[in-house]
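S.K.: Sharing a model prediction with you, sequence too.
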Amino acid sequence: MEYVNFGSAGVKVSRLALGLGFRGQADEAEGQRVIERAIDLGINLIDCANVYGPGDDRKFAGRSEVVLGKALKGKRDDVVITSKVCSPIGQGPNDRGLSRYHIIREVERSLNRLDTDHIDVYLVHNFDDETPLEETTRALDDLVHQGKVRYVGCCNYQAWQVCKALWVQHTLNLVSYICVQNPYNLLNRALEREMFPMVRDQGLGVMVYSPLAVGLLSGFYTPGEPPPEGSLWARARADQYEEMMAGPEGKAIATLFEVASELDKTPAQVALAWVLSHPEVSVAIMGGDTIAHLENNVGGVGWTLDEGLRKKLDAVSLGLESGR
């Protein structure tokens, strides 16, 4: 495993993180085994949220934190964990957002579920345009000074929103975001237009989620063939799948298969190596739900993608901004 500084912070993290959305994993015991195997493989960054749970079903919100807490017994001091706040966790008027009320309440709940006294990186899950940034950033600063949170960051912000938040934090002399977390992959290169130049200038790290485009780049879906029966893209996104596979996304996936075959790697490994070849990216978050997925994905680090093959992938995917 390779380790890098997490953005502007001194803490070292593995270039691959394990995400606990568990979209395709309904068994909590198996989810715990996946986490434990990830740690055995050298992954020291686990990405969670207060709304994650088995099957990525919101009725199980918070269960991923419980599973993570169990997996960390005896290992807590060697693992960097994240959690998030903002997304709806109920129907009440204060069950979402980035108010001081909601942030303070939710961090206490997360700490209880995780069975720990601190969260290493606490992330705001989305931008909240109904709450003043001053209120949000002061609440986060208080949590750091109280020792309940070590670092803070943001998810799903646009570049201008990150800049505005950093300006508020600097002006008020508050703890600043060390990283952003957004989707990025061969089928969605939107970050390159504004986010990448901004993080280079400001020295932030980038946590990439969906590096395999919700499985489309995993090798499980083959261009020219229908999605496997029972799969996510067959169940809920069949029309979108057909349209994408017939368009430039399908061509990019086919090229990925060609490059993987030439390198004797799996498509998932090449797709991850392509993401990590960008100097702006600190970490790619794997969404694998099984140990087999995990062990395959780990093959995406420890080697360098040939420059000519990278350019081939760059050219076929230029301008794509779909696939999540």
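M.R.: Noted; the coordinates are in hand.
S.K.: hey, let's count contacts and neighbours off CA atoms from now on
M.R.: Noted.
S.K.: Quick one: the helices in the stretch 151-300 of the chain, in order.
M.R.: 159-171, 195-202, 232-235, 238-245, 248-263, 267-276, 291-297 (DSSP state H, counting those that start in this stretch).
S.K.: where are the low-confidence patches of the stretch 201-324 of the chain?
M.R.: 323 (pLDDT under 70).
S.K.: Deepest-packed of the helices of the stretch 151-300 of the chain, please.
M.R.: Highest mean neighbour count of these: helix 267-276, a mean of 25 (counted as mean count of other Cα atoms under 10 Å).
S.K.: Quick one: distance of that one to the chain centre.
M.R.: Counting by Cα atoms, centre = their mean, to the nearest Å, helix 267-276 is centred 15 Å from the centre of its parent chain.
S.K.: swap in stretch 231-250?
M.R.: Counting by Cα atoms, centre = their mean, stretch 231-250 comes out at 22 Å from the chain centroid.
S.K.: List the contacts of that stretch.
M.R.: Contact with stretch 231-250 is made by 187, 223-224, 226-229, 251, 316-317, 320, as judged by Cα atoms under 8 Å, 6 or more residues apart in numbering.
S.K.: Max pairwise distance over those residues: which two?
M.R.: Taking Cα to Cα, the two most distant members of the contacts of stretch 231-250 are 229 and 316; they sit 28.0 Å apart.
S.K.: sorry, back to before: can I get the helices of the stretch 151-300 of the chain in TSV including distance to residue 99?
M.R.: Formatted as TSV, the helices of the stretch 151-300 of the chain follow (distance: least, Cα to Cα, whole Å):
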stretch	distance to residue 99
helix 159-171	15
helix 195-202	25
helix 232-235	34
helix 238-245	36
helix 248-263	39
helix 267-276	34
helix 291-297	36
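S.K.: Could you point out which of these sits nearest residue 83?
M.R.: When the helices of the stretch 151-300 of the chain are ranked by proximity to residue 83 (Cα to Cα), helix 159-171 comes first, at 18.6 Å.
S.K.: can I get the CA coordinates of that closest one in CSV?
M.R.: Taking C-alpha atoms only, helix 159-171 is exported to CSV below (Å, rounded to 0.1, in the frame of the first residue of the first chain):
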residue,chain,number,x,y,z
ALA,A,159,-15.0,25.1,-6.4
TRP,A,160,-16.5,28.6,-5.6
GLN,A,161,-18.2,27.2,-2.5
VAL,A,162,-14.9,25.8,-1.2
CYS,A,163,-13.2,29.1,-1.8
LYS,A,164,-16.0,31.0,0.0
ALA,A,165,-15.7,28.6,3.0
LEU,A,166,-12.0,28.9,3.1
TRP,A,167,-12.3,32.7,3.1
VAL,A,168,-14.7,32.6,6.0
GLN,A,169,-12.5,30.3,8.0
HIS,A,170,-9.4,32.4,7.3
THR,A,171,-11.1,35.7,8.1
